[in-house]
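Student: pasting the structure only:
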């Protein structure tokens, strides 16, 4: 079965505001996520770090698993308190994986990795650490990413890629860090606008075929879709588009299995 998660940052209208205060109570959506066929949740950290104790308990007890904890902790020196707070919540929720980002200063690589490895030691022992290979970070180039993963020298560190971004050189990611790629953030982003997968069907099918040729068997998370970052952003419309994207991915996967 194709493992397609709903990323709760998708539904959060305050995702890019300075305070990042949640406007969404995730537990109120859990039954809908389940009925609509998502296999799990990638949980935006402020949906739990800034939630009530009652909400945290609901997420702990959810039958739909929090598979990925989506963290934004920084790995510069001076952010020890934030990292410890996140580690305690991750210990409480026991997700399969934790998403993280490294910074953008190549002169601070040793500091980032020192603090990352200490933070990793505070997390559940079976937890995988998924580095989002994101533009604007030291991991935006697959060659640099390969060197960083080599330096980390631990199989629990994996890569998140963005296969449906127009500017992603997908083959280069597989050439340099293919064995590390275990999770895909799904969004079609072109010229400052998000689209549904079906709206860019030929492009998406081509990229999906590339994933298949390179042996990708990881999970997907619907991160952004049509309607996000628009003047009249509607949570309901964005969610409907996310379900459509999930269904489109599953259809591509099922066609690929039969071919």
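Tutor: Yes, it's here. It should be emphasised that the depicted structure is a prediction, and the values quoted were computed from it without experimental measurement.

Student: ok now do residue 190, which residues does it touch?
Tutor: 166, 200 (Cβ atoms under 8 Å, 6 or more residues apart in numbering). All C-beta spots, glycine's among them, are computed from the backbone N, C-alpha and C.

Student: next one: it from residue 226, what distance?
Tutor: 11 Å (Cβ to Cβ, to the nearest Å).

Student: one more: residue 46?
Tutor: Taken as Cβ to Cβ, the span from residue 46 to residue 226 is 24 Å.

Student: for the longest helix along the chain, buried residues please.
Tutor: For the chain, the helix that runs over the most residues, judged by DSSP state H, is helix 235-258. The neighbour-count check on helix 235-258 (16 or more other Cβ atoms under 10 Å) flags 238-246, 248-249, 252-253 as buried.

Student: quick one: average pLDDT of that helix?
Tutor: For helix 235-258, the mean per-residue pLDDT is 92.

Student: and that helix, what other elements does it pack with?
Tutor: strand 4-7, helix 201-213, strand 219-222 (3 or more Cβ pairs under 8 Å, 6 or more residues apart in numbering; DSSP states H and E).

Student: run through who's touching it.
Tutor: For helix 235-258, contacts defined as Cβ under 8 Å, 6+ apart pick out 2, 4, 6, 10-11, 13, 24, 36-38, 186, 196-198, 204-205, 208-209, 212, 220, 222, 225-228.

Student: from the chain's centre, how far out does stretch 204-218 sit?
Tutor: Put simply, stretch 204-218 sits 18 Å off its chain's centre (Cα atoms, centre = their mean, to the nearest Å).

Student: mind listing what the closest residue to residue 196 other than its chain neighbours touches?
Tutor: Distance criterion Cβ to Cβ, 6 or more residues apart in numbering; nearest residue to residue 196, sequence neighbours excluded, is residue 226 at 4.6 Å. Contact partners of residue 226, counting by Cβ under 8 Å, 6+ apart, are 194, 195, 196, 199, 238, 241.

Student: equivalent analysis for residue 117, please.
Tutor: Counted by Cβ under 8 Å, 6+ apart, residue 117 has contacts residue 152.

Student: with residue 39 instead?
Tutor: Residues near residue 39 by Cβ under 8 Å, 6+ apart: 1, 2, 3, 4, 5, 67.

Student: hmm, back to that, can I get the helices and strands packed on helix 235-258 in TSV including distance to residue 172 and mean neighbour count?
Tutor: Output for those, formatted as TSV (distance: least, Cβ to Cβ, whole Å; neighbours: other Cβ atoms under 10 Å):
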stretch	distance to residue 172	mean neighbour count
strand 4-7	24	25
helix 201-213	11	15
strand 219-222	20	24
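
Student: okay, the ones you listed in CSV with mean pLDDT and distance to residue 79 next?
Tutor: Putting those into CSV (pLDDT from 0 to 100; distance: least, Cβ to Cβ, whole Å) gives the following:
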stretch, mean pLDDT, distance to residue 79
strand 4-7, 99, 23
helix 201-213, 98, 34
strand 219-222, 99, 25
